[in-house]
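1. From the sequence below, what's the structure:
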Amino acid sequence: MPVEHHWTGERRCGIVNGVNAVGMLVVAGLVLVPLAREYADLRRSWGLGRAAALGVTALVLPSVGLGIVAAAPLADRPWVQWAVTVATALAAYSLAVSAVRAARPRALSGGRSS
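-> Predicted coordinates:
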């Protein structure tokens, strides 16, 4: 039986809210689990402290912002917009982490490359 949605006033089946919540939890898991692994890897293999590892991992936020801006003209095709957003964010985050990785040895060796 359709019910009125409390935010939009639209009438829809009550199970839709549960399905939406499960979908959002799945997407959050797909995003947060790899970020947690990245954070742990930065701490373990790079020897970064908590704040530094969190700072490098937080580079995902401007990367997603860049993806959203790059995909904005594709709003009339949501699936293409989503794909471009994700691809751009992944590419930007990979480049950012690579730049941090490339700069790290110089900082530790006092400017000399090893």
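2. How about the contacts made by R50?
-> By Cβ atoms under 8 Å, 6 or more residues apart in numbering, the contact list for R50 reads R43. (Each C-beta comes from the backbone N, C-alpha and C, glycine too.)
3. which residues does R104 contact?
-> R104 sits next to W46 when contact means Cβ under 8 Å, 6+ apart.
4. Could you measure from it over to R77?
-> 40 Å (Cβ to Cβ, to the nearest Å).
5. Ok, L35 next?
-> Distance, L35 to R77, by Cβ to Cβ: 28 Å.
6. Equivalent analysis for V56, please.
-> From V56 across to R77, the span is 33 Å (Cβ to Cβ).
7. between the two, which one's more packed in?
-> V56 (20 against 12; other Cβ atoms under 10 Å).
8. Report the mean confidence score over stretch 93-103.
-> For stretch 93-103, the mean per-residue pLDDT is 89.
9. What segments of this protein are helices?
-> Applying DSSP state H to the chain gives helices spanning 15-45, 50-57, 60-71, 78-108.
10. from the ones you listed, which stretch is densest packed?
-> Of these, the one with the most neighbours on average (mean count of other Cβ atoms under 10 Å) is helix 60-71, at a mean of 16.
11. helices or strands next to it in the packing?
-> Judged by 3 or more Cβ pairs under 8 Å, 6 or more residues apart in numbering; DSSP states H and E, helix 60-71 is in contact with helix 78-108.
12. what about the helix it packs on, distance to the chain center?
-> In this view, helix 78-108 has its centroid 10 Å away from the chain centroid, taken as Cα atoms, centre = their mean, to the nearest Å.
13. relative to helix 60-71, how tilted is that helix?
-> Interaxial angle, helix 78-108 versus helix 60-71 (axes from the mean of the first three to the mean of the last three Cα atoms, to 10 degrees): 140 degrees.
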